[in-house]
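In: missing the sequence, but the structure's below:
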DNA sequence: ACGATTGTTCAATGGAAATTGAACAAAAGG
DNA sequence: CCTTTTGTTCAATTTCCATTGAACAATCGT
């Protein structure tokens, strides 16, 4: 485990990678839930998504989200807090993230979009 | 060759399929060029993209774009004219297509986005 | 120091996607 | 008709992606 996971710079974020990342139902659901919690700070723990899939599979999706530049990870004890890279994404591709999230919200039922409970913060 | 290729209805268009479709560089370039030609009617022939890849590979990508609901195909003689399904896409996922196209335009250089010449219309 | 918790890394597997070339289909034009 | 043009379909290959379980790493609590 590297002490600090790698995050691409804002300029390194690439559109096809980002779209591919968002095209996976599990990753889209993660982004959707992160967006939903933005009013309350926007941070969720990795463990908050344990109902979505197995842990190792989730770790794989978290890494893809991070390396695509969609989320940032903050280490707190043994836990990891994730949040959307709002500023970077809005600066890089204005309106794109909002349009995707709004589209996902619109189809939440059809997409069988899961929701997760935020664990009590530290 | 079926006389009329299948197009999904507006309601059948699905977000993950659409995003996956747009995440491929060749398909994104096709959509980008179709968008660029919207002021002039928005139709381009399949053959206008022949510089992008081999014909059979393009036929594969055209089918994916069509089946994702991104484009519609009109048969004229031996040629096929494609155009974006603007109304359906804007109705289904407002702002999404525009945000993607604007993002692609912004990164056109980095994406080595090819441009195609519209052949003289009939 | 020890065990529990949290999450990652690794290796292996199954399956879907992209690419290629050859063969085919439909219409246009001489 | 016969040839050319346009584009698809098919089969085969290669590559990449998602998923799984076992092993590992880092921290916390006691």
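Out: That came through, no problem. A quick note: this is a predicted structure, and the numbers were derived from the prediction, not measured.
In: Check which helix or strand the residue nearest to the spatial centre of chain A maps to.
Out: A centroid search over chain A (C-alpha atoms, centre = their mean) returns residue A:31, at 3.8 Å, as the residue closest to the centre. Element membership for residue A:31 (DSSP states H and E) is helix A:25-36.
In: interface residues of chain A facing DNA strand C?
Out: Contact residues, chain A versus DNA strand C (C-beta under 7 Å from any atom of the strand): A:1-2, A:5, A:45-47, A:50, A:55-56, A:58-60, A:62-63, A:73, A:78-80. No exception for glycine: its C-beta is placed from N, CA and C like everyone else's.
In: So which residues of chain A form helices?
Out: Along chain A, the segments classed as helices by DSSP state H run A:15-22, A:25-36, A:55-67, A:86-92, A:96-106.
In: Just send these back as JSON lines, with distance to DNA strand D and mean pLDDT too.
Out: Listed next are the helices of chain A as JSON lines, based on distance: least, C-beta to the nearest atom of the strand, whole Å; pLDDT from 0 to 100:
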{"stretch": "helix A:15-22", "distance to DNA strand D": "7", "mean pLDDT": "98"}
{"stretch": "helix A:25-36", "distance to DNA strand D": "5", "mean pLDDT": "98"}
{"stretch": "helix A:55-67", "distance to DNA strand D": "3", "mean pLDDT": "98"}
{"stretch": "helix A:86-92", "distance to DNA strand D": "19", "mean pLDDT": "98"}
{"stretch": "helix A:96-106", "distance to DNA strand D": "16", "mean pLDDT": "98"}
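In: Save the ones you listed as TSV, and put in distance to residue B:84 too.
Out: Shown next, in TSV, are the helices of chain A (distance: least, C-beta to C-beta, whole Å):
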stretch	distance to residue B:84
helix A:15-22	16
helix A:25-36	23
helix A:55-67	29
helix A:86-92	24
helix A:96-106	16
